[in-house]
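**Student:** give me coordinates for this.
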Amino acid sequence: MILDHLLARAAARLAAAGSPSARLDAEVLLCHALGVDRTWLYTWGDREAPTVERARFEALVAARAQGQPIAYLTGEREFWGLALATSPHTLIPRPDTECLVEAALARAARTEGRLLDLGTGTGAIALAFASERPGWSVLGVDIRPEAVDLARHNAARHGIANAAFGESDWFAVLVDGQRFDLIVSNPPYIAADDPHLAWGDVRFEPHSALVAADGGLSDLCHLVREAGRYLLPGGWLMLEHGREQAEKVRGVLEAAGYVEVDSRVDLGGHPRVSQGRRVDDGTGGKRP
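**Tutor:** The predicted structure follows:
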């Protein structure tokens, strides 16, 4: 069977299985099975499909038809122009999270500084920021050792030397006096009863990285309460959250004494990141 026909058959199967991007899925999986890029596929689609690669591709298509995420099947996802290795131990980096990187870069005008990324996962946020601000020192932490290993692998893969990664339950391994100019996080923020958990890629992603108590707000509130101890005076806390949580997160930031509190929208125009600046009032960013 020639590649074009194999591709068309796979796309039809994925469409029937409910994939909203069946043709693209099929192309990405075929390129992965063949070890080529999509330009090659468009150029040489009239070639015969090699037997071994065809079997590999058909196994990938079968897994995708069952709902397995493309990023886990290929072991890779692009974020901020960086090809990042992925794993079922971490969330899949998403384009909307680039909004958090943009927010951090906007507050990093100086050539040097320190950024902390909490719940770093693949290291996507930390590495995107570090690649744009080579004079900054970036630390990413995650409670899962598999995530830390993956983030370190991604840093080495791209030669990003100003980003380091370690294992920590949020701020647990940090010591008093360890301060940062910027603290960023994409924490769990989905409510346990959210119906979206039954759809799409999230069915296969780690539950602990998605779901938080108190309607999805518990981890967000915890980070707001604790972050002031680790921010330099005038430093910024920036949090990704659900599109309907912005008002509540801003309220929590304001109640904790942060100023210049606002939200930024994602690619779909939904409030996705809320941020606030620590007040230099001697209370660790919190008002009495």
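**Student:** just the helices in this structure please.
**Tutor:** 3-16, 22-34, 38-43, 51-65, 70-74, 98-106, 124-132, 145-158, 213-216, 218-227, 246-255 (DSSP state H).
**Student:** nearest to residue 181, of the ones you listed?
**Tutor:** In terms of CB to CB, the element of the helices of the chain nearest to residue 181 is helix 98-106, at 9.7 Å. C-betas here are computed from N, CA, C, even on glycine.
**Student:** in its sheet, what does the lengthiest strand in the chain sit against?
**Tutor:** In the chain, with assignment by DSSP state E, the single longest strand is strand 231-240. Strand 231-240 has its sheet partners listed here by DSSP bridges as strand 180-185 (parallel), strand 271-277 (antiparallel).
**Student:** quick one: which of those is nearest residue 252?
**Tutor:** Nearest to residue 252, of all the strands paired with strand 231-240, is strand 271-277, at 8.7 Å by CB to CB.
**Student:** what lies in contact with that closest one?
**Tutor:** Outside strand 271-277, the residues within contact range by CB atoms under 8 Å, 6 or more residues apart in numbering are 96, 99-100, 103, 107, 234-241, 243, 246, 249-250, 253-254, 256, 258-266.
**Student:** which among these end up buried?
**Tutor:** Of the members of these, the ones counted as buried by neighbours, 16 or more other CB atoms under 10 Å, are 96, 99-100, 103, 107, 235-241, 246, 249-250, 253, 256, 258, 261, 263-264, 266.
**Student:** returning to what we had before: nearest to residue 201, of the strands paired with strand 231-240?
**Tutor:** Set against residue 201 and scored by CB to CB, those come closest in strand 271-277, at 17.7 Å.
**Student:** for the spatially closest residue to residue 184 that is not a sequence neighbour, give its distance to residue 195.
**Tutor:** Closest residue to residue 184 apart from its sequence neighbours, by CB to CB, 6 or more residues apart in numbering: residue 238 at 4.7 Å. Here residue 238 is placed at a distance of 28 Å from residue 195 (CB to CB, to the nearest Å).
**Student:** low-scoring stretches of the stretch 151-288 of the chain, by residue?
**Tutor:** Residues of the stretch 151-288 of the chain meeting the criterion pLDDT under 70: 281-288.
**Student:** if we use 80, what do you get?
**Tutor:** 176, 280-288 (pLDDT under 80).
**Student:** pick the most deeply packed of the helices of the chain.
**Tutor:** Of all the helices of the chain, helix 124-132 has the most neighbours on average by mean count of other CB atoms under 10 Å, namely a mean of 25.
**Student:** what about it, average pLDDT?
**Tutor:** Average pLDDT, helix 124-132: 98.
**Student:** give the other helices and strands that it contacts.
**Tutor:** Packing contacts for helix 124-132, counted by 3 or more CB pairs under 8 Å, 6 or more residues apart in numbering; DSSP states H and E, involve strand 82-85, helix 98-106, strand 113-118, strand 136-142, helix 145-158, strand 163-167.
**Student:** mind listing what's buried along the first one?
**Tutor:** Put plainly, it is strand 82-85. Buried positions in strand 82-85, judged by neighbour count with 16+ other CB under 10 Å: 82, 84-85.
**Student:** and residue 245, how many residues sit next to it?
**Tutor:** 23 (other CB atoms under 10 Å).
**Student:** distance of residue 268 from residue 203?
**Tutor:** Here residue 268 is placed at a distance of 21 Å from residue 203 (CB to CB).
**Student:** higher neighbour count, the two?
**Tutor:** Neighbours of residue 268 and residue 203, each counted by other CB under 10 Å, are more numerous for residue 203; the result is 13 against 9.
**Student:** so what's residue 19 closest to, chain neighbours aside?
**Tutor:** Leaving aside its chain neighbours, residue 19 sits nearest to residue 25 (5.4 Å; criterion: CB to CB, 6+ apart).
**Student:** residue 170: which of the helices of the chain is closest?
**Tutor:** The minimum distance between residue 170 and those falls on helix 218-227, with 6.9 Å, by CB to CB.
**Student:** which residues does the closest one contact?
**Tutor:** For helix 218-227, the external contacting residues (CB under 8 Å, 6+ apart) are 118, 170-171, 183, 185, 187-189, 212, 214, 237, 239, 241, 245, 249, 252-253, 256, 258, 278, 285-286.
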